[in-house]
Structures are given as C-alpha cells and as structure tokens.
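[1] Need a 3D model of the sequence below.
(one chain, ligands or ions: 1)
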Amino acid sequence: MSLNTSSFLNQESHQKSKRNFECLKNSQQTTLLQDNPLQNLQLASWEVLEKAQKSGRSKCPRCGSSRMFYCYSCYVPVETVPTKEIPVVKLPLKIDIIKHPNETDGKSTAVHAKLLASEDVTIYTYPCIPEYEGKKHEIALVFPGPNSVLVKDITLHLQKNVEKVSCDDNDDSSAEPLLKKAKIETKEDRKLGECKLNIRSEDTVLKKVIFIDSTWNQTNKIITDERLQGMLQIELKTRKTCFWRHQKGKPDTYLSTIEAIYYFFVDYHQEILKESYKGQYDNLLFFFSFMYTLIKNAKNSSGKE
Ligand SMILES: [Zn+2]
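    Residues are numbered from 1 along each chain as shown. Have a look, this model is predicted:
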C-alpha cells in the first residue's frame, strides 16, 4: 500500500536535482525517457513545474511555509505554481484517504490526489474518520486482505453486503408472517429470500472508495479499527511501484498511495464503467511522474543506478 520513507528533496538533494534537471533538458531527454515506465501517460504540460523547480522553494499562500511545488500541510500549490496551471482530474467516485498521524506529510503522495482532484478527494487524519455505519453497501476499502476482491467483482460483492444489511434489519418479529408461509424451506433459504426482497439495484452501486495512507505496519492498525469492519476490501491487480521512497524490504508491488488511486480508477473505468480507457485519470500522476523523473535523472547523473 502506500508508503513513504524519506523526505522529498531536502535542500541538498534539491540542489542536485536542480542541476541534473538542467542536464536532462539539454542532452539526455531521449535516453531517460526510454527507462521511464510512466512515459506513456497523457499528462498536462510540466512547464509550470519546470519553472518552479528552477526558481526553488516558494511560499505556501495559506501558511507561508517554504515548500517545493505544493504545501503538504495545506494541500495547495505554492505561489510559483498557479492553481490554474495544474490539471484538474474528475473522478467517477468520491475518495476518502485515511492518513496515519505518524506519517510525515512531506513524504506522502496522498496530497497529490487532493491537489489534482480536489472536488472528489477528502483527506482524514486517523483516528478522526467519518461515520461509515449504514453505508457499507456503497463503500469499499482498497486493502489486500484475506477476503479482498478484485475491482471487476465489486458489484457482486456489494450486493452480498446489501443482503447482509437487509437481513440484519429484518431480525425482528415483523418477519413472522413470512416465516409461517415458508414452512418447507430451510431457515437459510427463507432468510435469503426475505433479504432479496429488500435489494434495490441502486443499493449495489459503489459510491465511495477509501484508501489508507501510511506505512505497512501502520496500515494494520487502521485496518483493524472497528469502524472499518464489515466493509468490502478491494485488492488491485499486481503492478510494480515507481515510488522513489519505496520501503526497504517490501516487495516492489507495494504501491504508493497515488499509484494505488490511479490504478484503481484505470481498472474501475474499464471493468465497472465498461468504457475504454483513454488516459482520463493519467493526470493523477502529474506530480508523481515529474518527481519520479527528477529523482531518476539525479540518480543517473550521480551514477547510483
Ligand atoms: Zn501551507
């Protein structure tokens, strides 16, 4: 899952990247693009980020802190990155991101989602999370647990959640007339039959997805919170991370938060909305792929990789 390990561009590496980015622009562009697995994305122009990178850190318009590209505390771009010059991504579902309080804000890619799809994304800091009770038939949590399902199976499994909710609701004396009619049915058959009466097709539509933004160990603490129990868990198809702060000792299939969000929507678009994917959500990786390229170039130039 989402995972952050060290801070992006401290002053020293910032200077290094800045120099290397200049190199990239002059001569290495073609070579570097070949190594970049994010190269086929349809992204808005990076010009605004390139300019900001050249001029160095800038002020957050809200809190006044000095930051590169955006303020990770206020979720807004800095003064040298005008909001109108960064892309807006429209998502087909709302997202809640639950952030572990120990997670260092500056290391998290969750803020990218808020910056690029601000209308559809809300970030919460654990343990302050919304009340999901009564909505578990229309919400899913992206987490690869023992009972998690693939995106293509979401609708089927949400339906089961509705049946469960309906059955729980009906566990009272009002169910008695039905019980008398159904003497030859087994108890299980009867219960299922009653529950099906209560299913409406709009109940089984996914309306919100929850992502957890924390290191792997912290994620387990959040996932066991009683408020998140009984919620459908979704696992993504296997993909390799491009995150430069990938956690040591973890498989390269542990995605950063923004990668998980991006890949979720690519699958959702094709497998649930049944539409062909034409790069609609690629700009979710607008900052991520720019930073990835900066870091990769810096590493290449310093001979580390
Ligand atoms: Zn700020």
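[2] can you give me the helices in the stretch 51-200 of the chain?
    Using DSSP state H, counting those that start in this stretch, the helices of the stretch 51-200 of the chain run over 110-116, 154-169, 176-181, 187-197.
[3] mean pLDDT lowest for which of those helices?
    Lowest mean pLDDT of the helices of the stretch 51-200 of the chain: helix 176-181, a mean of 42.
[4] residue in the stretch 101-250 of the chain nearest to the ion?
    Using Cβ to the ion, the closest approach of the stretch 101-250 of the chain to the ion is made by residue 105 at 9.9 Å. For the C-beta atoms, the positions are set from N, CA and C on the backbone; glycine is no exception.
[5] Excluding residues flanking it in the chain, which one is nearest that residue?
    The shortest distance from residue 105 to any non-neighbouring residue, by Cβ to Cβ, 6 or more residues apart in numbering, is to residue 72 (4.2 Å).
[6] pLDDT averaged over stretch 143-151, what's the number?
    Stretch 143-151 comes out at a mean pLDDT of 94.
[7] Likewise for stretch 249-267?
    Stretch 249-267 comes out at a mean pLDDT of 91.
[8] So what pairs up with residue 58 in the strands?
    Counting by DSSP bridges, residue 58 is bridged to residue 67.
[9] Go ahead and confirm it touches residue 82.
    No. Counting by Cβ atoms under 8 Å, residue 58 stays clear of residue 82, with 11.0 Å between them.
[10] Those two: who's more crowded?
    Using other Cβ atoms under 10 Å, the more surrounded residue of residue 58 and residue 82 is residue 58, with 19 against 11.
[11] how about that one, what does it touch?
    52, 66, 67, 68, 78, 79, 80, 81 (Cβ atoms under 8 Å, 6 or more residues apart in numbering).
[12] Give the burial count for the third one, as a bare number.
    Residues contacting residue 67 under the criterion other Cβ under 10 Å number 23.
[13] tell me the phi and psi of the nearest residue to residue 110 once chain neighbours are set aside?
    The spatial neighbour of residue 110 that comes closest, neighbours along the chain excluded (Cβ to Cβ, 6+ apart), is residue 213 at 4.0 Å. Backbone torsions for residue 213, taken as degrees, to the nearest 10, come to phi -110, psi 100.
[14] likewise residue 135?
    phi -120, psi 10.
[15] And it, how far from residue 233?
    For residue 135, the distance to residue 233 equals 15 Å [Cβ to Cβ, to the nearest Å].
[16] Compare neighbour counts for those two and give me the winner.
    Neighbour count, other Cβ under 10 Å: between residue 135 and residue 233, residue 233 has more, with 18 against 13.
[17] How is that one classified with respect to secondary structure?
    Of the three states, residue 233 takes strand under DSSP: H, G, I helix; E, B strand; the rest coil.
[18] Check it and give its pLDDT.
    In this prediction residue 233 is given a pLDDT of 96.
[19] Identify the residues contacting it.
    Neighbour list for residue 233: 140, 141, 142, 143, 144, 145, 147, 148, 149 [criterion: Cβ under 8 Å, 6+ apart].
[20] which non-adjacent residue is nearest it?
    residue 148 (3.9 Å).
[21] Residue 276 now?
    Using Cβ to Cβ, 6+ apart, the nearest residue to residue 276 is residue 270, at 7.2 Å.
[22] Can you verify the one you found is assigned to a helix?
    Yes. Residue state for residue 270 (three-state DSSP) corresponds to a helix.
[23] Quick check: it vs residue 206, distance?
    According to Cβ to Cβ, residue 270 stands 15 Å off from residue 206.
[24] and the two? which has more neighbours close in?
    Just comparing residue 270 and residue 206: by other Cβ under 10 Å the higher neighbour count belongs to residue 206, 20 against 14.
[25] wait, isn't the more buried one in contact with residue 154?
    Yes. Judged on Cβ under 8 Å, residue 206 makes contact with residue 154 at a distance of 5.6 Å.
[26] Quickly list what's touching both of these two.
    Residues touching both residue 206 and residue 154 (Cβ under 8 Å, 6+ apart): 140, 272.
[27] Can you tell me the SS state at the residue positioned nearest the centre of the chain?
    Most central in the chain under Cα atoms, centre = their mean is residue 261, positioned 2.9 Å from the mean C-alpha point. Under three-state DSSP, residue 261 falls in the helix class.
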